[in-house]
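> just need the structure, nothing else, for what follows:
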Amino acid sequence: MSVRVRFAPSPTGFLHVGGLRTALFNYLFARQNAGKFVLRIEDTDRSRIVEGAVDNLLGVFDWLGLSFDEGPRVGGDFGPYVQSERLTTYRHHVERLLASGQAYRCFCTPEELEAMRSKQTKQGVTPMYDRRCRDLDAETSRRRAEKGEPHVIRLAVPQAETITFDDLVRGQVSFQAEAIDDQVLLKSDGFPTYHLANVIDDHLMQISHVIRGEEWLSSTPKHVLLYQFFGWETPVFAHLPLLLNPDRTKLSKRTADVAVEAYRDDGILPEALLNFVALLGWHPKTEQELFSVEQLIGEFDMSRVGKAGAVFDVTKLRWLNSEYLKRESDDELYANASRFFPKDFVQQYGEPKLKFTLQTLRAGATTYAEAAQRIVDIFKPTSEPGADALEHLANENARRLLRHLHDALAEIPASAWDDYDAIGEVFKETCKGSGKTVGLKGKELWQTVRAGLTGTLHGPELSKLIAIWGRDRVLSELKARC
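Next comes the predicted model:
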């Protein structure tokens, strides 16, 4: 069987990480099996469409480096790949179901349906359509529709049956038909629901495997019935485990905190994000955690996708990202991190100094944005000394040291401060000389100097810091605490 899989998002906003996980697993499965990866836009819910969402989606996939073999931008033999352009096809197939009695017209008003649901809820019954229009004779139904009476088309779910299908993740799954609602297939505006459109499109586009999130598992028996009613072969299903917050609650689809765009904008690398998402529900054979996309294609195996929910741990994502950042040269990291600098920041301090600053502060940075913020923060005004720093500055020896160090550094020509490595070595020797003069050495010496310069006892290497700050600021900080 030729492998053809699809990713079928709705253009309702940002790309959720759960959607990315679905797309990635489909992509890996297709590439591993020399198959086709199809993009289909499911825009039948017209009330939730967000303008520009499709272009944004395509831009995100360009950034991720995941390419579609068929879809709205690349074309293909099974288009159009946007559902709103396929309405005639859906209508034709609905007529088939109506003619065979496997679907029926429902003329219930929204008010009637709401009253029905309210009554069922009060009775402690799961709300579902009570099938009151299912017994309308075909002629009456047809005449009412021809007169223009608003209606929807519903699936006529057979009763007292067990609907069973095989799932690559969950094995054999069964549902009792009486618990399945007579799902709306075609809305009163002529647009199909997801359930009708995705079955018809998957069949006509020759989709071999439907790989999607667990939230669609309960809808699958309706889809299986449609395949049976149309006399079509059912594709292979695989329902991926839910994504969970660290507290094991379901990860929301409605917040920007889980938008792929948000992680891109925060400076997460695409390869790190893909690596992280691949491990949400899939377990490699070894303890390896860092995978390139090429390695994932070689290693991915649907049999190693688990049923249990996968915890979305941002701390793990940031750790993975830091591992990828380590692989970048100083110039590469600077080019990427500099996108996050405030306006005119480079003009203010100069690229050579900022590159030196990045080399000094890059260790342990987890995103480009964090690396950039570290650089910005090092140039901010020094805060008032904390209690631990004041303790080191509260004696005459400390003040004598800072005065001596200030005077010694002031004698160094301004031009010498532009050689960042050299000024750092001069600073070390000057500190040691000043320490001998006042009787301070070792840890006490360096903590006093740091307290005098920065107002804290912790921070980047002092010989690097004074090169970053430059002559004027270093002398100003020392003078303020002499």
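> now the worst-scoring helix or strand of the chain on mean pLDDT: buried residues?
Sorting the helices and strands of the chain by mean pLDDT, DSSP states H and E puts helix 387-393 at the bottom, at a mean of 86. Across helix 387-393, burial judged by 16 or more other C-beta atoms under 10 Å covers Ala389, His392, Leu393. In short, each C-beta sits where N, CA and C put it, glycine included.
> where are the low-confidence patches of this protein?
The model of the chain has pLDDT under 70 over residues 253-257.
> grab the longest helix from it for me.
Criterion DSSP state H: the longest helix present in the chain is helix 420-438.
> and Glu323, how far from Pro246?
Going from Glu323 to Pro246 by C-beta to C-beta, to the nearest Å gives 21 Å.
> between these two, which one's more packed in?
Glu323 (15 against 11; other C-beta atoms under 10 Å).
> thought the more buried one was touching Phe276?
No: between Glu323 and Phe276 there is no contact under C-beta atoms under 8 Å: 10.6 Å.
> need the next SSE after the longest helix of the chain, C-terminal direction.
Going down the chain from helix 420-438, the next helix or strand is helix 442-454, by DSSP states H and E.
> now do the buried residues in that next one.
By 16+ other C-beta under 10 Å, the buried positions in helix 442-454 come out as Leu445, Trp446, Gln447, Thr448, Val449, Arg450, Ala451, Gly452, Leu453, Thr454.
> now tabulate those in a markdown table and tack on distance to Gly18.
Formatted as a markdown table, those follow (distance: C-beta to C-beta, whole Å):
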| residue | distance to Gly18 |
| --- | --- |
| Leu445 | 55 |
| Trp446 | 50 |
| Gln447 | 49 |
| Thr448 | 54 |
| Val449 | 52 |
| Arg450 | 47 |
| Ala451 | 49 |
| Gly452 | 52 |
| Leu453 | 48 |
| Thr454 | 44 |
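> list just the nearest of those residues to Pro192.
Among the buried residues of helix 442-454, Thr454 lies closest to Pro192 (C-beta to C-beta), at 65.0 Å.
> residue contacts, the closest one?
Thr382, Ala389, Leu465, Glu477 (C-beta atoms under 8 Å, 6 or more residues apart in numbering).
> change it to 7 Å
With contacts defined as C-beta atoms under 7 Å, 6 or more residues apart in numbering, Thr454 is in contact with Thr382.
> what packs against the least confident helix or strand of the chain?
Applying 3 or more C-beta pairs under 7 Å, 6 or more residues apart in numbering; DSSP states H and E, one finds that helix 387-393 contacts helix 442-454.
> wasn't Leu185 part of a strand?
Yes: assessed by DSSP: H, G, I helix; E, B strand; the rest coil, Leu185 belongs to a strand.
> about what we covered before: which one among the buried residues of helix 442-454 gets closest to Tyr263?
Of all those, Thr454 has the smallest distance to Tyr263: 32.7 Å, by C-beta to C-beta.
> roughly how far does that closest one sit from Thr360?
The gap separating Thr454 from Thr360 is 14 Å, by C-beta to C-beta.
> over to Leu273?
27 Å.
> again with Ser303
According to C-beta to C-beta, Ser303 stands 48 Å off from Thr360.
> show me which of these two is the more surrounded one.
The residue with more neighbours, out of Ser303 and Thr360, is Thr360; 20 against 7, by other C-beta under 10 Å.
> that one touches Ser463, doesn't it?
No: applying C-beta atoms under 7 Å, one finds Thr360 not in contact with Ser463, separated by 9.8 Å.
> name the helix or strand for Arg131, please.
Assigned by DSSP H and E, Arg131 falls within no helix or strand.
> not counting residues beside it along the chain, what's closest to it?
Closest residue in space to Arg131, ignoring its immediate chain neighbours: Asp182 at 5.7 Å, by C-beta to C-beta, 6 or more residues apart in numbering.
> name all residues that make contact with that neighbour.
With contacts defined as C-beta under 7 Å, 6+ apart, the neighbours of Asp182 are Tyr129, Arg131, Arg134, Arg154, Leu155, Ala156, Val157.
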